[in-house]
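> Need a 3D model of the sequence below.
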Amino acid sequence: MEMTATTQSNKSSFVPMAIVAILFFILGFATWLNGSLMPYLKQILQLTPFQASLILFSFYIAVTFTALPSAWVIRKVGYKNGMALGMAVMMLAGLMFIPAAQTQVFALFLLAQLVMGTGQTLLQTAVNPYVVRLGPEESAAARVSVMGILNKGAGVIAPLVFSALILDSFKDRVGTDLTQTQITEMANGLIFPYLGMAIFIGVLAFAVKKSPLPELEQDEVDETSAGTQAEKGQMKAALAKPNLALGVVALFVYVAVEVIAGDTIGTFALSLGIESYGVMTSYTMVCMVLGYTLGIICIPRFISQPKALMISAVLGVALTLAIVLGDNESYLLANALLVPFGGAQLPDTLLFIALLGLANAIVWPAVWPLALSGLGKLTSTGSALLIMGIAGGAFGPVFWGLASSAESIGMQGGYLVMLPCYLFILFYAVKGYKMKSWS
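Reported below is the predicted structural model:
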């Protein structure tokens with residue numbers, strides 16, 4: 001009887017987990033599509049590196065402003081309706097790319113990105129609890145890892161799809177001065193793919209609304225002024241824990257370098273005249289998936305979380321210096337790693353950026369348990385603060401864009417902004433997570 005009950009439980013959770021897996025893939029697809037969109041818009045709208053970085057800023061800044069409102073919305077409408085509503089907002093964002101492409105107004109693209117980020121935040125707020133609660137608590141970590149691989153795997157596929165649907169028709173225009181007719185033609189190339197994505201997400205939203213997803217039990221929240229004061233007190237108490245406060249900073253700088261590595265590699269490739277700049281994000285994501293897989297296999301069986309975090313930070317420092325000091329005319333690494341397997345021949349500096357995915361993969365899963373260690377009843381508050389670290393994805397590319405826009409530095413030198421980020425992660429891995437008081 002016990003075996004039958006377990007089997008029925010597994011069957012009852014299979015469909016919801018399959019739906020959640022699809023949603024995580026959609027989240028990853030829409031997120032890492034930015035790596036191809038950024039250089040494409042840079043070419044069409046003739047943007048500076050700083051202006052191009054605002055495409056990422058407008059997407060990731062939505063997390064900062066809409067994370068708490070999203071939680072309020074979920075409390076009002078429930079998790080299942082929250083998922084459908086989040087995808088409806090993403091569908092609206094996809095439709096907003098159509099007038100943006102037709103008018104070629106940069107501000108409209110930024111607004112569409114902001115709305116897309118808002119929809120993603122709402123969807124993430126609703127879908128993440130399912131991974132933990134739909135199944136045994138002791139296997140939650142495995143489910144989180146699988147969803148992470150799906151998310152990053154979508155990052156491998158999204159640039160390839162973007163390139164096949166949009167970029168391949170205009171490869172001959174890389175590094176050339178575009179006429180207005182060519183600019184209009186390239187901009188209009190965005191219309192049907194984003195229309196198709198909007199329709200697909202809209203259909204999926206309707207399917208989720210009508211799906212057999214069980215509604216999760218809501219946590220009771222006191223929304224009175226007294227409850228708000230208590231929440232502020234909890235935040236203050238949580239931030240009094242150095243391992244948490246420093247962990248929030250560590251995640252902030254981590255997301256900054258993750259987005260720089262994943263979403264600026266195509267823009268840098270475009271500046272080097274690489275025709276396949278639209279698929280460069282896929283290289284970084286492949287390295288992230290590889291790093292994720294190694295983490296699942298090795299932690300904690302062969303290596304501890306702090307040691308893995310330390311190795312990741314050291315590798316990040318080494319690769320950053322290799323990027324900044326590297327020779328864009330050198331193809332030794334590409335010849336050794338890619339060409340024998342039928343891959344493209346690329347400058348070593350681009351492959352160093354892609355390998356940052358390997359350095360970054362372990363950071364997120366390693367920092368979380370170290371930052372939440374010893375928090376007890378403050379754990380939920382600490383988790384909310386750590387989520388806010390995603391805002392680093394808004395500011396990292398902006399700092400890179402500002403540095404890249406300086407003639408004395410350039411795009412390649414702009415990657416130096418990652419160095420203090422990895423050094424802070426190294427500090428956290430060696431000492432920060434151990435600190436129990438500020439004295």
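> what's the neighbour count on Trp438?
8 (other C-beta atoms under 10 Å). Backbone N, C-alpha and C define where each C-beta goes, glycine included.
> how close does it sit to Leu244?
Distance of Trp438 to Leu244, given as C-beta to C-beta, to the nearest Å: 12 Å.
> And Ala71, by the same measure?
Distance check for Ala71 against Leu244: by C-beta to C-beta, it reads 19 Å.
> Ok, Ala308 next?
20 Å.
> again with Gly295
Gly295 sits 22 Å away from Leu244 when distances are taken as C-beta to C-beta.
> Ok, Thr103 next?
On the measure of C-beta to C-beta, Thr103 and Leu244 end up 46 Å apart.
> Who has more neighbours out of the two?
The neighbour count for Thr103 versus Leu244, taken as other C-beta under 10 Å, is higher for Leu244 (26 against 12).
> chain center to the helix or strand where the more buried one lies: distance?
Assigning secondary structure by DSSP states H and E places Leu244 in helix 242-263. Mean-position distance between helix 242-263 and its chain equals 11 Å (C-alpha atoms, centre = their mean, to the nearest Å).
> Following the chain past that helix, name the next helix or strand.
Next element after helix 242-263 (DSSP H and E): helix 265-271.
> And that following helix, how far out from the chain middle?
On the basis of C-alpha atoms, centre = their mean, helix 265-271 is displaced by 19 Å from the centre of the chain it belongs to.
> Following element in sequence after it, please.
helix 280-298.
> Summarise which helices and strands that next one is packed against.
Here helix 280-298 touches helix 34-45, helix 140-165, helix 242-263, helix 265-271, helix 348-360, going by 3 or more C-beta pairs under 8 Å, 6 or more residues apart in numbering; DSSP states H and E.
> remind me which residues of the stretch 201-350 of the chain are low pLDDT?
In the prediction, the stretch 201-350 of the chain carries residues with pLDDT under 70 at positions 215-232, 334-335, 338-344.
> roughly how far apart are Met83 and Phe65?
Distance from Met83 to Phe65, by C-beta to C-beta: 20 Å.
> Please identify which of these two sits among more neighbours.
Neighbour comparison, Met83 and Phe65: the larger count goes to Met83, with 28 against 14 (by other C-beta under 10 Å).
> Can you give me the neighbour number for Pro69?
13.
> And Pro242, by the same measure?
18.
> can you check Pro39 too?
Neighbour tally, Pro39, other C-beta under 10 Å: 28.
> What pLDDT is listed against it?
On pLDDT, Pro39 comes in at 89.
> Surely it touches Leu270?
Yes: contact criterion C-beta atoms under 8 Å: Pro39 and Leu270 qualify, at 4.3 Å.
> Common neighbours of these two, please.
Tyr277 (C-beta atoms under 8 Å, 6 or more residues apart in numbering).
> What sits closest to Lys42 if chain neighbours are left out?
Leaving aside its chain neighbours, Lys42 sits nearest to Ala52 (4.3 Å; criterion: C-beta to C-beta, 6 or more residues apart in numbering).
> Could you pull up the contacting residues of that neighbour?
Met38, Pro39, Leu41, Lys42, Thr267, Gly401.
> now those in a markdown table, with distance to Phe252?
Below are the contacts of Ala52 laid out as a markdown table (distance: C-beta to C-beta, whole Å):
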| residue | distance to Phe252 |
| --- | --- |
| Met38 | 21 |
| Pro39 | 25 |
| Leu41 | 26 |
| Lys42 | 26 |
| Thr267 | 22 |
| Gly401 | 18 |
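> and which of the residues you listed is nearest Leu350?
For those, the closest approach to Leu350 (C-beta to C-beta) belongs to Thr267, at 11.3 Å.
> measure Ile201 to Leu27 for me?
11 Å.
> cool, Val174 as well?
Going from Val174 to Leu27 by C-beta to C-beta gives 30 Å.
> who's more crowded, the two?
Neighbours were counted for Val174 and for Leu27 using other C-beta under 10 Å; Leu27 has more, 23 against 18.
> Name the SS class of the more buried one, please.
Following DSSP: H, G, I helix; E, B strand; the rest coil, the label given to Leu27 is helix.
> swap in Leu213?
coil.
> what residues are up against it?
By C-beta under 8 Å, 6+ apart, the contact list for Leu213 reads Pro16, Ile19, Tyr79, Lys80, Met83, Tyr130.
> Just these: which are in helices?
Pro16, Ile19, Tyr79, Lys80, Met83, Tyr130 (DSSP state H).
> separation between the first one and Phe192?
Counting by C-beta to C-beta, the gap between Pro16 and Phe192 amounts to 33 Å.
> what helix or strand is Ser408 on?
Assigned by DSSP H and E, Ser408 belongs to no helix or strand.
> quick one: pLDDT of it?
Ser408 is assigned 85 on the pLDDT scale.
> Does Tyr277 touch Gly266 like I think?
Yes: if you go by C-beta under 8 Å, Tyr277 and Gly266 touch, sitting 4.6 Å apart.
> Need the residues touching each of those two.
Shared contacts of Tyr277 and Gly266, counting by C-beta under 8 Å, 6+ apart, come down to Pro39.
> quick one, which of these two is more surrounded?
Gly266 (33 against 29).
> so who does that one touch?
Shown in contact with Gly266 (C-beta under 8 Å, 6+ apart): Gly35, Ser36, Met38, Pro39, Pro159, Tyr277, Gly278, Val279, Met280, Thr281.
> Of these, which pair is most distant in space?
For the contacts of Gly266, the farthest-apart pair by C-beta to C-beta is Met38 and Val279; their separation is 13.2 Å.
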